[in-house]
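Q: Predicted structure and sequence below. I'll ask about it afterward.
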Amino acid sequence: MKVSLIRRIRNSISLQMLLSSLGVFFILVLSTAYILFSSMRLQTVSDRSFERERFITSIRKGLEDYQGPLLNYLSTRSSNALSQILIDTQALRWKLPTYMPINTDQTDLKERELYSLIRSYLDLADQAMEEKRGRNISAYTRIYDEMAGLLEYINSEIDKISIERSRNQMDAYGIFIADAWSVQLWNFLFIIFVSVFATLMLLNSIGRITSPLVRLSAMAVEISAGNFDSNDIEASSVQEMDQLVQAFNRMKRDIHQYIEEIRHQENIKQEYMQERMRNMKMEGLMRHMEIYALQAQMNPHFLFNTLNTGMQLAIVEGADRTGEYMEYLAKLFRHIIRNKEIIVPLRHEIEGLNYYFYLLKVRFPKNLDLILDCDETLPDRYKVPVSILQPLVENCVIHAFKDSPAYPGESPSRQSRIRVSAALEEDRLVLRVQDNGSGMASETREKLLHPQSIDKSSLSRVMGLENVIQRLYFFYPDDPLVVDIESGENGVGTTIVIRIDTGRVPCIEF
């Protein structure tokens with residue numbers, strides 16, 4: 001039984017490390033206890049050398065504080081001063097030692113005499129207060145003068161005792177330094193001993209662990225080269241490493257058994273990935289075609305009405321205004337056609353909106369108010385999806401005022417207004433298109449903000465506001481805040497809000 005236990009301890013790294021740790025811990029406890037004891041001894045010596053000095057200093061301060069209330073009472077006979085004198089007298093008498101052993105040390109003898117002088121000083125103070133209560137001015141004045149002389153003598157004796165003790169402490173300082181150096185030396189030796197012991201134990205443990213690990217690494221190199229036919233690793237004399245070796249040998253056999261199956265599965269996986277890539281490319285192509293189809297749509301209603309207005313101007317007015325009108329119309333068409341980019345600078349959208357505003361003002365000069373509010377620092381700094389502002393304004397003209405007496409085509413009872421603004425709010429570029437029209441039903445708002453997929457609805461119906469919303473969802477599929485509609489019925493108007501995250505790259509690559 002004893003031999004088996006010894007062999008188990010010898011072959012177990014964990015038990016050896018545990019015993020080594022306990023040994024190191026025991027040595028650290030002993031060294032820490034010795035350091036603590038030495039430090040406490042040094043602290044005791046230091047405190048003892050200054051304890052009596054601090055005591056005498058506190059007595060001196062008490063006497064100095066005692067003078068103020070005493071002089072106040074002798075001068076004014078104040079009851080508050082009398083109370084303070086009684087408290088201070090009690091404190092000073094309580095501080096004075098009642099017994100001091102007699103020895104031949106001159107400093108101790110002077111200190112013993114000093115305490116007797118302080119008691120005499122307090123007795124004189126009591127006499128002076130008695131004479132004050134008896135209104136004997138000459139008597140308490142004489143006693144106070146005697147007290148002043150005695151206090152001066154007491155202070156001089158305290159100074160002498162302090163000087164003498166300081167000299168004695170200087171002599172004892174060398175012994176204190178020697179003890180401190182001794183403590184530091186022993187601490188250093190303890191640290192060296194513990195470090196050497198721990199290092200030896202660590203080297204022994206490392207040697208017993210690295211030997212089987214070297215064999216394991218050599219076998220791992222062979223397995224990585226595809227050689228699974230080599231012999232298994234033999235067991236070592238370390239229990240924990242034997243468990244690792246057995247697990248490694250079992251792993252090698254399992255890998256060899258399943259290697260052919262893994263190769264077969266890898267071939268199937270490659271074929272699946274190729275098919276998936278083909279499907280993803282096809283899906284991306286379809287999605288790209290959807291975007292181009294959305295961008296290519298254009299409401300012919302505006303084109304026909306604009307051309308009709310141009311012909312009416314040509315008949316009613318001279319050729320100058322008609323020419324200007326047709327020039328802006330040409331600029332707008334050129335602006336729409338010339339840019340083939342999907343994402344354009346904000347300035348591009350603002351320029352096209354200015355052309356469109358001019359044409360609307362000619363069509364509805366009296367009953368449609370158009371406002372464009374954009375910070376001049378924004379157009380060249382940020383980019384937006386192409387054609388997202390003009391369709392929203394067109395949607396306002398067609399739908400917002402159709403049920404209102406203020407419809408641009410009729411005589412209004414109130415002014416119709418469309419306001420387009422652009423501003424930077426935190427890290428988002430916020431575009432708003434606001435009208436004061438008839439508003440929008442909540443069902444219509446929900447249907448617009450949650451549209452069906454393009455492949456489930458007719459492309460011919462995705463125009464204007466729907467077009468913009470669909471494209472924004474395409475460009476920013478993971479941003480639910482990119483577009484919102486603030487509206488209500490009964491003539492409260494509608495505001496289309498577009499919030500573009502300036503730190504997010506639009507999803508335009510498929």
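A: Cool, got the structure.

Q: Quickly list the domain ranges of the chain.
A: Using automatic domain parsing, the domains assigned to the chain come out as 2-209, 231-295, 297-501.

Q: lowest-confidence stretch among these?
A: In terms of average pLDDT, domain 231-295 trails the rest of the domains of the chain, at a mean of 69.

Q: In the protein, which strand is the longest?
A: Longest strand in the chain by number of residues (criterion: DSSP state E): strand 416-425.

Q: picking up where we left off before, how about the domains of the chain in a markdown table, adding mean neighbour count and distance to residue 221?
A: Backbone N, C-alpha and C define where each C-beta goes, glycine included. A markdown table is the format used below for the domains of the chain (neighbours: other C-beta atoms under 10 Å; distance: least, C-beta to C-beta, whole Å):
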| stretch | mean neighbour count | distance to residue 221 |
| --- | --- | --- |
| domain 2-209 | 14 | 19 |
| domain 231-295 | 13 | 12 |
| domain 297-501 | 16 | 46 |
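
Q: Which of those sits closest to residue 220?
A: Closest of the domains of the chain to residue 220 is domain 231-295, at 8.2 Å (criterion: C-beta to C-beta).

Q: Extract the CA atoms of stretch 327-336 and return them as PDB.
A: Taking Å, rounded to 0.1, in the frame of the first residue of the first chain, the C-alpha atoms of stretch 327-336 are listed here in PDB:
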ATOM      1  CA  GLU A 327     -35.100  76.000 -72.000                       C
ATOM      2  CA  TYR A 328     -35.700  74.900 -68.400                       C
ATOM      3  CA  LEU A 329     -37.700  72.000 -69.600                       C
ATOM      4  CA  ALA A 330     -34.800  70.900 -71.800                       C
ATOM      5  CA  LYS A 331     -32.400  71.400 -68.900                       C
ATOM      6  CA  LEU A 332     -34.500  69.200 -66.700                       C
ATOM      7  CA  PHE A 333     -34.700  66.400 -69.300                       C
ATOM      8  CA  ARG A 334     -31.000  66.700 -70.000                       C
ATOM      9  CA  HIS A 335     -30.300  66.600 -66.200                       C
ATOM     10  CA  ILE A 336     -32.300  63.400 -65.900                       C
END
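
Q: Against residue 78, how distant is residue 135?
A: Distance from residue 135 to residue 78, counting by C-beta to C-beta, to the nearest Å: 15 Å.

Q: what's the answer for residue 426, then?
A: Distance from residue 426 to residue 78, by C-beta to C-beta: 71 Å.

Q: Can I take it that residue 506 is in a strand?
A: No. Counting by DSSP: H, G, I helix; E, B strand; the rest coil, residue 506 falls outside a strand, being coil.

Q: phi, psi of it?
A: Phi and psi for residue 506, reported as degrees, to the nearest 10, are phi -60, psi 150.

Q: Put together TSV for the domains of the chain, with distance to residue 225 on each row.
A: Conversion of those to TSV gives the following (distance: least, C-beta to C-beta, whole Å):
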stretch	distance to residue 225
domain 2-209	25
domain 231-295	13
domain 297-501	46
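
Q: between the ones you listed, which gets nearest to residue 217?
A: That would be domain 231-295 among the domains of the chain, by C-beta to C-beta, at 10.6 Å.

Q: which residue ranges form the strands in the stretch 251-400 of the chain?
A: Ranges of strands within the stretch 251-400 of the chain are 343-345, 368-374, 383-385, based on DSSP state E, counting those that start in this stretch.

Q: Quick one, which of those gets closest to residue 415.
A: Residue 415 lies closest, by C-beta to C-beta, to one member of those: strand 368-374, at 5.4 Å.

Q: tell me what the closest one is packed against?
A: In this structure, strand 368-374 packs against helix 346-363, strand 416-425, with contacts taken as 3 or more C-beta pairs under 8 Å, 6 or more residues apart in numbering; DSSP states H and E.

Q: circling back: would you list the strands of the stretch 251-400 of the chain in CSV and tack on distance to residue 276?
A: Output for those, formatted as CSV (distance: least, C-beta to C-beta, whole Å):
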stretch, distance to residue 276
strand 343-345, 29
strand 368-374, 45
strand 383-385, 29
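
Q: Now residue 321: closest residue in space that isn't a chain neighbour?
A: Nearest non-adjacent residue to residue 321, counting by C-beta to C-beta, 6 or more residues apart in numbering: residue 313, 6.1 Å away.

Q: Quick one: the strands in the stretch 401-510 of the chain, in order.
A: 416-425, 428-435, 483-487, 494-501.

Q: how about these, which one is nearest residue 204?
A: strand 494-501 (61.5 Å).

Q: so what strands line up beside that closest one?
A: Partners of strand 494-501 in the sheet, by DSSP bridges, are strand 428-435 (antiparallel), strand 483-487 (antiparallel).

Q: Using a markdown table, lay out the ones you listed together with distance to residue 106.
A: Output for the strands paired with strand 494-501, formatted as a markdown table (distance: least, C-beta to C-beta, whole Å):
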| stretch | distance to residue 106 |
| --- | --- |
| strand 428-435 | 89 |
| strand 483-487 | 97 |
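
Q: Helices of the stretch 51-200 of the chain, start to end?
A: For the stretch 51-200 of the chain, applying DSSP state H, counting those that start in this stretch gives helices covering 79-95, 106-133, 137-224.

Q: With distance to residue 346 as new columns, can these be given to me in a markdown table?
A: Output for those, formatted as a markdown table (distance: least, C-beta to C-beta, whole Å):
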| stretch | distance to residue 346 |
| --- | --- |
| helix 79-95 | 82 |
| helix 106-133 | 92 |
| helix 137-224 | 57 |
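
Q: Cool, thanks, talk later.
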